[in-house]
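Colleague: next comes the sequence, and after it the predicted model I'd like to discuss.
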2 protein chains.
Amino acid sequence: MNWDDARIFLALCREQTLRGAARVLGVDQATVGRRLASLEHALGATLFLRTSGGYSLTAAGEVAMAAALNMESSAAELQRQILGMDDRMSGVVRVTTTDSFAIDVVIPAIARLHQEQPGIEVQLQASTQMLNLSKREADIAVRTLKPENPDLIVRRVARWSSAIFASAAYVQAHGVPKPGTAFAGHDLVLYQPYLDSGKEVTLGSEPITHGRIAMTCTSGLLVRRALVNGLGIGEIPLPFGAADGLVRLWPARECPPYDIWLVTHKDVRHTARVRVVIDAIAEAFAAVSG
Amino acid sequence: MNWDDARIFLALCREQTLRGAARVLGVDQATVGRRLASLEHALGATLFLRTSGGYSLTAAGEVAMAAALNMESSAAELQRQILGMDDRMSGVVRVTTTDSFAIDVVIPAIARLHQEQPGIEVQLQASTQMLNLSKREADIAVRTLKPENPDLIVRRVARWSSAIFASAAYVQAHGVPKPGTAFAGHDLVLYQPYLDSGKEVTLGSEPITHGRIAMTCTSGLLVRRALVNGLGIGEIPLPFGAADGLVRLWPARECPPYDIWLVTHKDVRHTARVRVVIDAIAEAFAAVSG
DNA sequence: TGCCATCTATGCAGATTTGCATCACCAAGG
DNA sequence: CCTTGGTGATGCAAATCTGCATAGATGGCA
């Protein structure tokens, strides 16, 4: 038995004619007739008498109508609850990003959002590994790499230049490295995945061949904290350098900018609570960038 | 919203995988996936998380499942009640029972009935698990446990004593165990669910502590065949012991009898073709018992 | 009676849905 | 390490369903 036939059956009960039911359902009268025939065949019973002046219920049809009304109220309840649940600004939204973005952008954004939408619970996962949005391991991801998957919706929330920074104490103690000397006599703080990538390693477009590697870090936040503590020179995005009170070296030199992407799965992007979290994060990036 | 999608959704809730649901529904796994997508689109909500190792319900999905279960029971009620109004002596009647009852009682009963009522098609399902009559997974059940559901009509068709039996060959080779020795030096055939029940295990009211368990079986028929093949001593109903040509041991000793119940749903009990199948089975039990 | 309005039934073409085949993925086991 | 058996996704052809057009039926009304 096809449950949807009960829906057609019920419309026909109310309208008494194929055309009337078809009009209510938004289908052709032929379809109503065929679906009814299919239901009657499946049940092995005649539900309507084809009288002149319309369809009228048989005894079996009246019994069926009572049960179909129950189905209808269950179906209506299903839709009502699901729709209500989605409209309500409550529930869990899972966000994954790097620790750096989490601390300086996402957390302030969520803090502000929480004032307006206290029902939304954000589960924030700062991780070096990329969680898989397609598998619903998270609802929203903030990344610096653009994913390829066509099911994922990507939106650029910022384009940040980076530059080399050091703490004021470091500069006072070691001075500013001379461009073109490949950091001879200087301590460097590097991002570990960058070293692992196999590409030629530079800081502020300068090779690092004569510098000492003081520390390598597996996340951007660790690099920033190392710089703040005076361990050496490192390359970080401009907004973070400013936020950390670091000294920008070689302000004239340009570094290639990189983009920050906000990624969601197409299935959840229209969910209201996901939507507002996305907007809050994007706003925060705009504020930090501007 | 297509009501029939709720039926697919419910199957997926129970099976956790597209393939499993597809198997139960008798359609392709691709269809299940697309119908789910259609339902989620219609509701504007994500009902399942696509995790590794299957589909698992979201919070919205759990709400939907509760309502879908209501739809299911209404749909089942509809079918049952319509079937209950059917007074034709033709059509399908589904019977579920154990393999033992099926072979020695139900099949002979149906064979006899078929002479008089060739229009009735019995679908006989021998199964260790109990099918759900309320969901109209079957029309008639023959069981040894009395169900509690007030919507089900139970009728006792037999009260059978059981006793311990062995084949003539076994008795010739091993002799008859001495009462009170807990089957020392004898091979035993046991019913697996009885072992699993946690109760103290006895055969013919005798503890089995000194016997060797030669085999455990998951159905009564398997126990009987094991006995016929001389594997050891086992407890089976008296009529089956006689039918299989086994030797009854300790004929003086009494075993507590157990009842056999014939169960139908109240909505279908008055259906003509269900009625005659019930009567045929009950008659067959009376014949075998008497 | 004749005409018209309204309804249902049905042939047919197009649209939709389905199943099949295949691919990619993952975990367990050898 | 590879194989194997399970999973879900997806392109494509076939089957099914739907809508349209039309024919036939029925009842109201002049």
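Modeller: Cool, the structure landed.
Colleague: enumerate the residues of chain A near DNA strand C.
Modeller: Residues of chain A lying close to DNA strand C (C-beta under 7 Å from any atom of the strand) are A:17, A:18, A:19, A:20, A:29, A:30, A:33, A:34, A:50, A:54, A:55. Bear in mind the C-beta positions are built from the backbone N, C-alpha and C, glycine included.
Colleague: nearest to residue B:186 among these?
Modeller: The closest of the residues of chain A next to DNA strand C to residue B:186 turns out to be residue A:34 (C-beta to C-beta; 67.6 Å).
Colleague: distance of residue A:142 from DNA strand D?
Modeller: 24 Å (C-beta to the nearest atom of the strand, to the nearest Å).
Colleague: how is that residue assigned, secondary-structure-wise?
Modeller: At residue A:142 the chain is in strand, as set by DSSP: H, G, I helix; E, B strand; the rest coil.
Colleague: tell me where the longest helix sits in chain A.
Modeller: The longest helix of chain A (DSSP state H) is helix A:59-87.
Colleague: ok, the closest residue to residue A:39 other than its chain neighbours - contacts?
Modeller: What sits nearest to residue A:39 in space, not counting adjacent residues and going by C-beta to C-beta, 6 or more residues apart in numbering or on different chains, is residue A:5, at 3.9 Å. By C-beta atoms under 8 Å, 6 or more residues apart in numbering or on different chains, the contact list for residue A:5 reads A:35, A:36, A:38, A:39, A:42, B:4.
Colleague: and those residues, which two are furthest apart?
Modeller: Taking C-beta to C-beta as the measure, the contacts of residue A:5 span a maximum distance of 15.0 Å, between A:36 and B:4.
Colleague: please, which helix or strand holds the residue nearest to residue A:39?
Modeller: Residue A:5 is part of helix A:3-15 when elements are defined by DSSP states H and E.
Colleague: so is that helix next to DNA strand D?
Modeller: No. Applying C-beta under 7 Å from any atom of the strand, one finds helix A:3-15 out of contact with DNA strand D, separated by at least 7.8 Å.
Colleague: between that helix and helix B:3-15, how many degrees?
Modeller: Helix A:3-15 runs at 150 degrees relative to helix B:3-15, counting by axes from the mean of the first three to the mean of the last three C-alpha atoms, to 10 degrees.
Colleague: need the residues that contact stretch A:61-75.
Modeller: Residues from elsewhere that reach stretch A:61-75 (C-beta under 8 Å, 6+ apart): A:3, A:6-7, A:9-10, A:13, A:43, A:45-48, A:57, B:1, B:3, B:6, B:67-68, B:70-71, B:74-75, B:77-78, B:81-82, B:85.
Colleague: change it to 7 Å
Modeller: The contact list for stretch A:61-75 (C-beta atoms under 7 Å, 6 or more residues apart in numbering or on different chains) reads A:3, A:6, A:9-10, A:13, A:47-48, A:57, B:1, B:3, B:6, B:67, B:70-71, B:74-75, B:77-78, B:81-82, B:85.
Colleague: filter those residues to the buried ones?
Modeller: The neighbour-count criterion (16 or more other C-beta atoms under 10 Å in any protein chain shown) marks A:3, A:6, A:9-10, A:13, A:47-48, A:57, B:1, B:3, B:6, B:67, B:70-71, B:74-75, B:77-78, B:81-82, B:85 among those as buried.
Colleague: ok, residue A:142 to residue A:280 distance?
Modeller: Separation of residue A:142 from residue A:280 (C-beta to C-beta, to the nearest Å) stands at 12 Å.
Colleague: okay, now the nearest residue in space to residue A:218 that is not next to it in sequence: neighbour count?
Modeller: Of all residues not flanking residue A:218 in the chain, residue A:192 sits nearest, at 4.8 Å (C-beta to C-beta, 6+ apart). Neighbour count for residue A:192, taken as other C-beta atoms under 10 Å in any protein chain shown: 15.
Colleague: pLDDT weak spots in the stretch 51-200 of chain A?
Modeller: For the stretch 51-200 of chain A, the stretches with pLDDT under 70 are A:52-53, A:84-90, A:128-132, A:134-136, A:150-151.
Colleague: what residues does it put near chain B?
Modeller: A:59-60, A:63-64, A:67-68, A:70-71, A:74-75, A:77-79, A:81-83, A:85-86, A:91, A:135-136 (C-beta under 7 Å from any C-beta of the partner chain).
Colleague: the longest helix of chain A versus helix B:3-15: what angle between them?
Modeller: Interaxial angle of helix A:59-87 relative to helix B:3-15 (the same axes, to 10 degrees): 70 degrees.
Colleague: same question for the helix holding residue A:5, mean pLDDT?
Modeller: The pLDDT scores in helix A:3-15 average 89.
Colleague: so which residues of the stretch 51-200 of chain A form helices?
Modeller: With DSSP state H, counting those that start in this stretch as the criterion, the stretch 51-200 of chain A has helices at A:59-87, A:99-101, A:107-116, A:168-174, A:192-196.
Colleague: chain center to the first one: distance?
Modeller: Distance of helix A:59-87 from the chain centroid (C-alpha atoms, centre = their mean, to the nearest Å) equals 33 Å.
Colleague: same check, this time on the fourth one
Modeller: In terms of C-alpha atoms, centre = their mean, the gap separating the centre of helix A:168-174 from the centre of its chain is 41 Å.
Colleague: weed out the non-buried ones from the contacts of residue A:5.
Modeller: Neighbour counting with 16+ other C-beta under 10 Å marks A:35, A:36, A:39, B:4 as buried within those.
Colleague: redo those residues as TSV? Include secondary structure.
Modeller: Shown next, in TSV, are the buried ones among the contacts of residue A:5 (three-state DSSP):
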residue	secondary structure
A:35	helix
A:36	helix
A:39	helix
B:4	helix
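Colleague: wasn't residue A:281 part of a helix?
Modeller: Yes. Residue A:281: assigned to a helix according to three-state DSSP.
Colleague: next one: it from residue A:71, what distance?
Modeller: Counting by C-beta to C-beta, the gap from residue A:281 to residue A:71 is 42 Å.
Colleague: leaving out the residues flanking it, which one is nearest to the most centrally placed residue in chain A?
Modeller: Geometric centre of chain A, nearest residue: residue A:140, 2.4 Å, by C-alpha atoms, centre = their mean. Nearest non-adjacent residue to residue A:140, counting by C-beta to C-beta, 6+ apart: residue A:95, 4.7 Å away.
Colleague: report the separation between the one you found and residue A:137.
Modeller: According to C-beta to C-beta, residue A:95 stands 11 Å off from residue A:137.
Colleague: count the residues that sit near the residue in chain A positioned nearest to DNA strand C.
Modeller: At 3.1 Å from DNA strand C, residue A:18 is the closest residue in chain A, using C-beta to the nearest atom of the strand. Around residue A:18 there are 23 other residues, counting by other C-beta under 10 Å.
Colleague: residues contacting it?
Modeller: A:29, A:32, A:33.
Colleague: with adjacent residues omitted, what lies nearest to it?
Modeller: residue A:29 (4.2 Å).
Colleague: that neighbour against residue A:22, yeah?
Modeller: Yes. Counting by C-beta atoms under 7 Å, residue A:29 touches residue A:22, with 4.0 Å between them.
Colleague: so for these two, which residue has more residues nearby?
Modeller: residue A:22 (20 against 15).
Colleague: how far away is residue A:259 from residue B:44?
Modeller: Distance, residue A:259 to residue B:44, using C-beta to C-beta: 31 Å.
Colleague: meant to ask about residue A:177
Modeller: From residue A:177 across to residue B:44, the span is 57 Å (C-beta to C-beta).
Colleague: so between the two, which is more surrounded?
Modeller: Per other C-beta under 10 Å, whichever of residue A:177 and residue B:44 has more neighbours is residue A:177, with 24 against 16.
Colleague: so who does the more buried one touch?
Modeller: By C-beta under 7 Å, 6+ apart, the contact list for residue A:177 reads A:183, A:186, A:233.
Colleague: please redo it, this time with the cut-off set to 6 Å
Modeller: Contact partners of residue A:177, counting by C-beta atoms under 6 Å, 6 or more residues apart in numbering or on different chains, are A:183, A:186.
Colleague: thank you kindly, that will do.
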